[in-house]
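Visitor: Predicted coordinates and the sequence they were generated for:
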Amino acid sequence: MQQNKERSLGIATVVAAILNKGEHGAPPAAPGRPAGPPRENGFDVRLEEGKICLFDCKGNRITLEELIQYVSRYLP
């Protein structure tokens with residue numbers, strides 16, 4: 001049980017660090033307007049079809065759920 005808790009905390013820590021890095025790389029959006037393109041080292045966060053999606057500067061997309069699954073898969 002403790003191992004699952006530690007693993008969940010590790011996954012949350014990695015995902016939070018990724019989101020925090022992207023937040024500083026993306027330009028701020030004016031209220032009521034869509035965000036502009038992300039900077040080279042950041043990403044844009046959008047809500048699409050009820051899912052939180054992250055887009056990099058090349059337009060690549062990953063949902064938050066997919067990101068969590070990816071980190072979970074590769075975290076020892």
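Guide: Done, it's in.

Visitor: what's the neighbour count on residue 63?
Guide: 14 (other Cβ atoms under 10 Å). (Glycine included, C-beta is placed from N, CA and C.)

Visitor: same question, residue 44
Guide: A count of nearby residues for residue 44, using other Cβ under 10 Å, gives 22.

Visitor: Tell me the strands beside whatever helix or strand it lives in, with direction?
Guide: Here residue 44, judged by DSSP states H and E, is contained in strand 43-48. Strand 43-48 sits in its sheet next to strand 51-56 (antiparallel), going by DSSP bridges.

Visitor: partners of whichever helix or strand comes after the partner strand in the sheet?
Guide: Moving toward the C-terminus from strand 51-56, the next helix or strand (DSSP H and E) is strand 61-63. Each strand paired with strand 61-63, and its direction, by DSSP bridges: strand 51-56 (antiparallel).

Visitor: got the buried residues for the strand it pairs with?
Guide: Residues 53, 54, 55, 56 are the ones in strand 51-56 that count as buried (16 or more other Cβ atoms under 10 Å).

Visitor: Give me the nearest residue to the last one, chain neighbours excluded.
Guide: Yep, that's residue 56 we're talking about. In space, and not counting its chain neighbours, residue 56 is closest to residue 43: 4.9 Å by Cβ to Cβ, 6 or more residues apart in numbering.
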